[in-house]
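Participant: coordinates only, no sequence provided:
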């Protein structure tokens, strides 16, 4: 929300809160006194009608001996993503209008904390992440070796052909490590496993409506939470086009969030 007045920011935040409250009212009417399983597979989806069903069908029912609930935050849109998610049996929260991936994640984190989850695994709705790999990300949390586990396509396999995006992964990992003292290979990956006690600590500090991956990681590292990574496979998008914009725009905004969060948290 750069380059807008404080008054405009206040209005936008009030409208955002209204949209979230409307979504929560609808959610409570459908799900009542929901109690989440120990593990939640959290997916934020914007116009992914063509992809979401296959992704949800690949979510394991049990991971590391713990029951898993698929949970979809539908970030507005004009297609049938919400209907498909509900038909596939996912717990589904629907924004009446699009608010942004970061907002959707914050709402998801809040619900996971409030409704009794212990661990959250986030992944994309477009098929680039394989939900069957959830257990290998989750295991370090269950073994109490880490609080935050990032999937690494550099330690695993990157099946995409975008060389500029691949170079960006290397560059941003190096920048993240320089600023935080971490030793990570892939810091721009939204496929990750999170301890809910960590989320309860950091979620109130998150501000980004988009590009929250860098903000969450920097905040968690600077607040002393244990972060590690595990290899994973990164697939081409199953269908449709990315909502992240061009490589240059994505890289510029990611860098801005990374540096801005580092200045805030240092």
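Facilitator: That came through, no problem. For clarity, every value in this text was computed on a predicted model and none was experimentally measured.
Participant: residue 123: neighbouring residues, count only.
Facilitator: When neighbours are defined as other Cβ atoms under 10 Å, residue 123 has 27 of them. Quick note: C-beta positions are derived from backbone N, CA and C, even for glycine.
Participant: err, residue 114, not the other one
Facilitator: Residues within reach of residue 114, counting by other Cβ under 10 Å, total 11.
Participant: which strands or helices does the top helix by length along the chain pack on?
Facilitator: Scanning the chain for the helix with the most residues, using DSSP state H, yields helix 6-31. Contact partners of helix 6-31 among helices and strands, from 3 or more Cβ pairs under 8 Å, 6 or more residues apart in numbering; DSSP states H and E: strand 91-94, helix 101-114.
Participant: three-state assignment of residue 237?
Facilitator: coil (DSSP: H, G, I helix; E, B strand; the rest coil).
Participant: so where is the chain shaky, pLDDT-wise?
Facilitator: Across the chain, the ranges flagged by pLDDT under 70 are 1-4, 240-245.
Participant: could you pull out the helices in it for me?
Facilitator: Counting by DSSP H, the chain has helices at residues 6-31, 52-57, 81-87, 101-114, 134-142, 163-180, 196-202, 212-222, 247-265.
Participant: just checking, what packs against the third one?
Facilitator: In terms of contacts (3+ Cβ pairs under 8 Å, 6+ apart), helix 81-87 is packed against helix 52-57, strand 66-74, strand 91-94.
Participant: between those, which gets nearest to residue 44?
Facilitator: With Cβ to Cβ, the closest approach to residue 44 among these belongs to strand 66-74: 4.7 Å.
Participant: what pairs with that closest one, parallel or antiparallel?
Facilitator: Strand partners for strand 66-74, identified by DSSP bridges, are recorded as strand 39-45 (parallel), strand 62-63 (antiparallel), strand 91-94 (parallel).
Participant: deepest of these, which one?
Facilitator: strand 39-45 (a mean of 27; mean count of other Cβ atoms under 10 Å).
Participant: contacts for it, please.
Facilitator: Counting by Cβ atoms under 8 Å, 6 or more residues apart in numbering, the neighbours of strand 39-45 from elsewhere in the structure are 52, 55-56, 59, 63-64, 66-75, 81, 85, 90, 101, 104-105, 108, 112, 117-125, 131, 134, 138.
Participant: quick revisit: reformat the helices and strands packed on helix 81-87 as TSV; add distance to residue 251.
Facilitator: Putting those into TSV (distance: least, Cβ to Cβ, whole Å) gives the following:
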stretch	distance to residue 251
helix 52-57	26
strand 66-74	25
strand 91-94	30
